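> return a 3D structure for these sequence lines:
(chains A and B)
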Amino acid sequence: MANEAVIVELLGKDPGRPIRFTIASATAAPIGSVMKHGDPRTAAVSTADNDPFAGILAIEKVANQETFCTVYTHGIFSMTNTNAAAITAGLRVQIEGANQIGVADAAGLLFSDVGIALEDIAKSTAGVVLVGSLL
Amino acid sequence: MANEAAVIVELLGDAGNPIRFVSATNIPRGTLCKIVSPRTAQATAADNDQFAGIAAAESQTTDSSIALYTCGLFSIKSAAAFNAGEYVSMGGANTVSKVAAADKVWADVGVALETTAGADELAVIAVGVY
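Okay, the predicted model is just below:
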């Protein structure tokens, strides 16, 4: 799969604020995959617009091996914009496709979004995003 | 108070990123607290109360402050159904429900990591993470 997120800087007292989730044993996913929430407390690779964001995969997941994964939830990452529209710095972004982001819309703000764009990101290019709560 | 004690699953950040608030009421440990001015925590009571954090320790009426956890995974009771991945906000005293568009202008509680079918179910909520 293409367009995996790339770490720019991990933030927080526990760098990246990693969280462990269950994941299907058969899943194979490279480091940097943009993951979505599933029930119960499960992560899967993002596939579509409005997928609720769980985090960035911290370690490669090999098919038919472990049934857990760790995702980063706080940091600055280089992520890929879809081919729909440019993103302006400061806007909240959401999952728009497999490993891709776009400007968060009203419906997207009811689900876990990805974070805030730290720079203008043109269509089909990568740019820097702040992931995780600003609390 | 009914439905008290949000149960800690995992504290994140700096051991839950505790923040101190003014308090002049009795608040049991684990209570979901709301913000009132100035920088004061009170036990939640109603739908859409603005979330401040989860009481880290019991506060007595003779105390003047309380620390609230603001970052971690907590098991909290539902006031209505919601899906994993959806934002949740205060649904009543110590309960959470799915956020509506209008709720996003207030401080919400966090993101549900589990799905509930209705009220009175426990679900793990990621507070202060997303």
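> B:Asp103 falls within a helix, correct?
Yes - with DSSP: H, G, I helix; E, B strand; the rest coil as the criterion, B:Asp103 is located in a helix.
> can you map out the strands along chain A?
Remark: strands assigned in chain A by DSSP state E are A:6-10, A:19-22, A:34-38, A:42-45, A:53-57, A:68-72, A:75-81, A:92-97, A:100-103, A:115-117, A:126-131.
> just the buried residues of the second one, please?
Taking 16 or more other CB atoms under 10 Å in any protein chain shown as the neighbour-count basis, strand A:19-22 is seen to contain the buried residues A:19, A:21. All C-beta atoms are positioned from the backbone trio N, CA, C, and that covers glycine.
> that one - contacts with which helices or strands?
Under the contact criterion of 3 or more CB pairs under 8 Å, 6 or more residues apart in numbering or on different chains; DSSP states H and E, strand A:19-22 touches strand A:42-45, strand A:53-57, strand A:68-72.
> contacting residues around the residue of chain A found nearest chain B?
Of all residues in chain A, the one sitting closest to chain B is A:Pro52 (2.5 Å; CB to the nearest CB). A:Pro52 sits next to A:36-37, A:95, A:111-112, B:84-86, B:111 when contact means CB atoms under 8 Å, 6 or more residues apart in numbering or on different chains.
> likewise for B:Lys34?
By CB under 8 Å, 6+ apart, B:Lys34 lies in contact with B:41-45, B:49-52, B:90.
> again, but for B:Ala79
B:Ala79 touches B:47, B:91-92, B:95-97, B:119, counting by CB under 8 Å, 6+ apart.
> what about residue 16, neighbour count?
The chain I'm using is chain A. 22 (other CB atoms under 10 Å in any protein chain shown).
> oops, chain B please
22.
> centroid residue for the chain?
Using chain A here. In chain A, the residue lying closest to the centroid (CA atoms, centre = their mean) is A:Val34, at 3.6 Å.
> that was the other one, I meant chain B.
Closest residue to the average C-alpha location of chain B: B:Leu32 at 3.6 Å, with CA atoms, centre = their mean.
> for it, give its distance to chain A.
Computed as CB to the nearest CB, to the nearest Å, the B:Leu32 to chain A distance reads 15 Å.
> would you mark the buried spots in stretch A:50-57?
Quick answer for stretch A:50-57 (16+ other CB under 10 Å): A:50-57.
> okay, now the unreliable bits of the chain?
I'll assume chain A. Applying pLDDT under 70 to chain A picks out residues A:133-135.
> oops, I was thinking of chain B
Residue ranges of chain B with pLDDT under 70: B:1-4.
> up against chain A, what does it have?
Applying CB under 8 Å from any CB of the partner chain, one finds that chain B approaches chain A through B:10, B:12-14, B:17, B:70-71, B:73, B:83-87, B:98-101, B:104, B:111-115, B:124, B:126, B:128-130.
> let's go with 10 Å and repeat that
Chain B comes close to chain A at residues B:9-10, B:12-15, B:17, B:19, B:53, B:70-73, B:83-87, B:98-101, B:103-104, B:107, B:110-116, B:123-124, B:126-130, as judged by CB under 10 Å from any CB of the partner chain.
> give me the buried entries from the residues you listed.
B:9, B:12-13, B:17, B:19, B:53, B:70-73, B:84-87, B:98-99, B:103, B:107, B:110-116, B:123-124, B:126-130.
> beta partners of the residue lying closest to A:Leu118 once chain neighbours are set aside?
Once flanking residues are discounted, A:Leu118 sits nearest to A:Val128: 4.5 Å by CB to CB, 6 or more residues apart in numbering or on different chains. Per DSSP bridges, the residues bridged to A:Val128 are A:Ser78.
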